[in-house]
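In: what would the 3D arrangement of this be:
(chains A and B)
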Protein chains: 2
Amino acid sequence: MEELLKRCKIASYELELLSEDRINEALGRIRDALIENKNKILEENQKDVLVAKGVVKDSLIDRLTLNEKRIMDLAKSIDEVIALPFYPGEVIEEIKRPNGLVIKKVRVPIGVIASIFEARPNVSVDITALGLKTLNAVVLKGGKEAIRTNIVLCNVMRDAIKDIVNPDVITLIESTNREDTNKLLTMKDYIDIMIPRGSKGLINYVVSNSKIPFIETGAGNCHLYVHEKANLDMALNIAVNAKYQRPSVCNAIENILVDKSIANKFLPMLKKKFDELNIEIRGDKETKEIISCNEATEEDFFTEYNDYIVSVKVVNNVSEAIKHINIHSTKHSEAIVTEDDFAACRFMNEIDSACLYHNASTRFTDGGCFGFGAEIGISTAKLHARGPMGLKEITTYKYKIYGKGQVRE
Amino acid sequence: MEELLKRCKIASYELELLSEDRINEALGRIRDALIENKNKILEENQKDVLVAKGVVKDSLIDRLTLNEKRIMDLAKSIDEVIALPFYPGEVIEEIKRPNGLVIKKVRVPIGVIASIFEARPNVSVDITALGLKTLNAVVLKGGKEAIRTNIVLCNVMRDAIKDIVNPDVITLIESTNREDTNKLLTMKDYIDIMIPRGSKGLINYVVSNSKIPFIETGAGNCHLYVHEKANLDMALNIAVNAKYQRPSVCNAIENILVDKSIANKFLPMLKKKFDELNIEIRGDKETKEIISCNEATEEDFFTEYNDYIVSVKVVNNVSEAIKHINIHSTKHSEAIVTEDDFAACRFMNEIDSACLYHNASTRFTDGGCFGFGAEIGISTAKLHARGPMGLKEITTYKYKIYGKGQVRE
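Out: The predicted structure is shown next:
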């Protein structure tokens, strides 16, 4: 493995020198190659699916399976990446010093990005396209269920770019065992950043064991706070959207906080609607005095259900809501519904989360919705990148300093 | 310890709400209190010095010792921090989306910054001033040699700000043993970022053991490359400045690479000057054929001497220089001396270090020299911050999103 990674690191230096046109050409060749080789890819994918059937859950089989439409979607997504802006080389800042030095802060690729992921084979194409577009080399390690698919996808992509750049800029770790994952997580001489993609279990494993800098993503114990001055119809509409539209995603809400003074009016509205939608409500003591529902324990308020379940709590005021959220949230996304700008301002200033919404659904925390065109993940970390991470977030910078022989006094 | 850190975290939420005027007022009170209490501080510092004398090296005694002038310098440095720009609240970017959402990317404090440091008691005042100016709370853990001084300094600072903000925003960990350091490094629920200050041993210890995000700083195996088209007098002048002015610092050079075609001319110039200055040259085989010097092993080229020693290597061309530096450097600072803009451009593009100099000394890699006004450290990491870190680098951002009831389609 070390030999492979070393070759990837060396190839990354060559990749960094490509122009926007050349990298877009390489991406175009990958797109064409995926389409040309679709039968070969589908054949290998069928083998993975056959082996997995009966062994893993149906939902995982669905994530694993490619078909002609999904391959065409992958090709289309590469076209979208080609159309995105090119960031390397951008001069972020220019400083002129009294001694005549000119300091340019220039955006550059991070270097080598590694991603560990599970059954979705499209991740290997996604990460490769986003990585290459920013002139980052990629190291991919997918789940064992998708190994044949990942091998054929990576071979097709490597072959497609080989006349433009050293194909080692796309490196697949074919081993799928845990020991090699552990070993990969120590390879900080060759890998500059680790981006885990997949279940909470996988992300926690990487976070706990990685010696390589990583960005924690994905955990979303998100809140909706219905303030006493809320438009209650708007609040209900946002509650439904943020809970019901796609409960399995990290930007869905898991908790609703309701101001005491409107609880008598809002909670019955909420119950009626959520009963229709088959969403389970777990309420604190005060909620249970107003509507009939299951009980929410303290543990519930720390839980990301990713399901048609919501915890509900009655609070006295915005201060209590802020305090509750700062204690229980995973610093992802929180929304307040209110017509009171002062309350909204406090909520957005005082809560320590990546995305704070005033009168909008938390479901907008997404690279696409933010206009980034692509998304690497949603960071719940506080260093380097927060919230949706687009192409810019997988770059860093260096300083180029131009002198005429200056030395320090 | 956990109780103390929890209180610091809670206090940090209060701190984040202060205005620029209020935080400058708090800093002003710290400055005044340091001056007013200077006798008390010097008394406690004398006790530390007495205990340390004979036990530790004289150079450490010097770093540990405060006197009236040093306290006045500390007070002056706080005035300089007061004069620096205030970053929290700055709108970095504003995005208007087609659905009417307005997304503001707003600069905010990171939260709680912890620093582990050694004998210099001025670090507690430095980190506190820089932390507070960016509305970050600070957790301080100094070396045992300075414990009485740190206690009195923190008490004076806490007392000075108590009418403005909860004094728990300055939290000293009084224990100085290794177990408590280990425990502190796991407290990621309360501490957002760890900044080690001090020796390589300390920094490596933090990097290897911290469960809290940290930024690696300090290691500087820096290079000067004298290209075939260099102005040799300029190259010699930069070599002397970058090696001799202050060899113990991270932005000093440890290696000089010399192009083969000028080695016969430049190496004797270098030897003459470095002999005068009592700088030891360790040369590779080709260097030793031209000048008499000790031999440089492969290990030498990986070594940060922090001393009057330099490794010298003859290279064939800019490609070889770039390759050598990318393998051996710590990604801190490298300089090329040349009149050839194309060679300079390649050097600056292709080397993966934080700061690349064309015709200037690496000694300028410094927050002050970059015009940042203050410096937290020099990052050799690639995420979050690279090179000199000023106040801006100890902030992060959040997104505030303003809607009118929008939900996701």
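In: count of residues packed around residue A:60?
Out: Residues contacting residue A:60 under the criterion other Cβ atoms under 10 Å in any protein chain shown number 17. (Each C-beta comes from the backbone N, C-alpha and C, glycine too.)
In: that one: which element?
Out: Applying DSSP states H and E as the criterion places residue A:60 in helix A:58-64.
In: so which elements touch the helix or strand that that helix is followed by?
Out: Next helix or strand after helix A:58-64 toward the C-terminus (DSSP H and E): helix A:68-83. Under the contact definition 3 or more Cβ pairs under 8 Å, 6 or more residues apart in numbering or on different chains; DSSP states H and E, helix A:68-83 sits against helix A:20-36, helix A:38-52, helix A:122-133.
In: does chain B sit close to the last one?
Out: No - contact between helix A:122-133 and chain B is absent, the nearest approach being 14.5 Å (criterion: Cβ under 8 Å from any Cβ of the partner chain).
In: restrict the helix or strand just after that helix to CA atoms and write it as PDB.
Out: Next along the chain after helix A:122-133, taking DSSP H and E as the criterion, comes strand A:137-141. C-alpha atoms of strand A:137-141 as PDB (Å, rounded to 0.1, in the frame of the first residue of the first chain):
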ATOM      1  CA  ALA A 137      -5.000  13.500  -6.500                       C
ATOM      2  CA  VAL A 138      -7.400  11.000  -5.000                       C
ATOM      3  CA  VAL A 139      -6.900   7.800  -3.000                       C
ATOM      4  CA  LEU A 140     -10.100   5.700  -2.900                       C
ATOM      5  CA  LYS A 141     -11.000   2.800  -0.500                       C
END
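In: domains in chain A, by residue range?
Out: Residue ranges for the domains of chain A, per automatic domain parsing: A:2-217+A:388-402, A:222-364.
In: around chain B, pick out the residues from the stretch 301-409 of chain A.
Out: Counting by Cβ under 8 Å from any Cβ, the stretch 301-409 of chain A sits next to chain B at A:326, A:348-350, A:352-361, A:363-364, A:369-371, A:381-384, A:386-387, A:396-408.
In: show me the residues you listed that map onto strands.
Out: Within those, residues falling in strands by DSSP state E are A:355-360, A:387, A:396-406.
In: buried among those residues? Make that a PyMOL selection.
Out: To isolate the buried ones among these in PyMOL, judged by 16 or more other Cβ atoms under 10 Å in any protein chain shown, type:
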select buried, chain A and resi 355+356+357+358+359+360+387+396+397+398+399+400+401+402+403+405+406
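In: now render the domains of chain A as JSON lines, adding mean pLDDT.
Out: Converted to JSON lines, the domains of chain A look like this (pLDDT from 0 to 100):
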{"stretch": "domain A:2-217+A:388-402", "mean pLDDT": "94"}
{"stretch": "domain A:222-364", "mean pLDDT": "97"}
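In: in the stretch 301-409 of chain A, which spans are helices?
Out: Counting by DSSP state H, counting those that start in this stretch, the stretch 301-409 of chain A has helices at residues A:318-328, A:341-350.
In: so which bits of the first one are buried?
Out: Taking 16+ other Cβ under 10 Å as the basis for neighbour counts, the residues of helix A:318-328 that come out buried are A:318, A:320, A:321, A:322, A:324, A:325, A:326, A:328.
In: next one: it to chain centre, how far?
Out: Mean-position distance between helix A:318-328 and its chain equals 25 Å (Cα atoms, centre = their mean, to the nearest Å).
In: now swap in the last one and tell me
Out: Remark: helix A:341-350 is offset 26 Å from the chain centroid, using Cα atoms, centre = their mean.
In: ok and that helix relative to strand B:395-406, angle-wise?
Out: 140 degrees (axes from the mean of the first three to the mean of the last three Cα atoms, to 10 degrees).
In: now helix A:341-350 - C-alpha only, CSV.
Out: Taking Å, rounded to 0.1, in the frame of the first residue of the first chain, the C-alpha atoms of helix A:341-350 are listed here in CSV:
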residue,chain,number,x,y,z
ASP,A,341,-36.0,40.2,14.1
PHE,A,342,-34.4,40.7,17.5
ALA,A,343,-35.2,37.1,18.6
ALA,A,344,-33.9,35.9,15.2
CYS,A,345,-30.7,37.9,15.6
ARG,A,346,-30.1,36.5,19.0
PHE,A,347,-30.7,32.9,17.8
MET,A,348,-28.3,33.3,14.9
ASN,A,349,-25.6,35.0,16.8
GLU,A,350,-25.7,32.9,19.9
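In: summarise which helices and strands it is packed against.
Out: If you count contacts as 3+ Cβ pairs under 8 Å, 6+ apart, helix A:341-350 packs onto helix A:318-328, strand A:333-337, strand A:355-360.
In: give me the residue from the stretch 151-300 of chain A nearest chain B.
Out: Evaluated by Cβ to the nearest Cβ, the stretch 151-300 of chain A has residue A:241 as its residue closest to chain B, separated by 3.6 Å.
In: contacts for the helix or strand harbouring that residue?
Out: Secondary-structure assignment from DSSP H and E places residue A:241 in helix A:232-244. Residues outside helix A:232-244 that contact it (Cβ atoms under 8 Å, 6 or more residues apart in numbering or on different chains): A:222, A:224, A:226, A:251-253, A:256, A:262, A:265-266, A:269-270, A:273-274, A:277, A:279, A:308, A:310, A:335, A:337, A:359-363, B:405, B:407-408.
In: who in the stretch 101-250 of chain A is up against chain B?
Out: Counting by Cβ under 8 Å from any Cβ, the residues of the stretch 101-250 of chain A close to chain B are A:101, A:103, A:110-111, A:192-193, A:213, A:215, A:231, A:234, A:237-238, A:240-242, A:245.
In: between the helix holding residue A:241 and strand A:355-360, how big is the angle?
Out: In terms of direction (the same axes, to 10 degrees), helix A:232-244 departs from strand A:355-360 by 130 degrees.
In: am I right that residue A:157 is in contact with residue A:127?
Out: No - with contact defined as Cβ atoms under 8 Å, residue A:157 does not reach residue A:127; the gap is 10.9 Å.
In: higher neighbour count, those two?
Out: Per other Cβ under 10 Å, whichever of residue A:157 and residue A:127 has more neighbours is residue A:157, with 30 against 23.
In: returning to that earlier point: can I get the domains of chain A in TSV with distance to residue B:172?
Out: Putting those into TSV (distance: least, Cβ to Cβ, whole Å) gives the following:
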stretch	distance to residue B:172
domain A:2-217+A:388-402	29
domain A:222-364	23
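In: how long is stretch A:114-121 from one end to the other?
Out: This stretch, stretch A:114-121, spans 15 Å end to end (Cα to Cα, to the nearest Å).
In: residues in contact with it: which ones?
Out: With Cβ under 8 Å, 6+ apart as the test, stretch A:114-121 has contacts from A:45, A:48, A:52, A:56, A:60, A:63-64, A:66, A:123-124, A:127, A:138-143, A:145-146, A:149-150, A:153, A:181, A:184, A:187, A:191, A:193-199, A:202, A:206, A:212.
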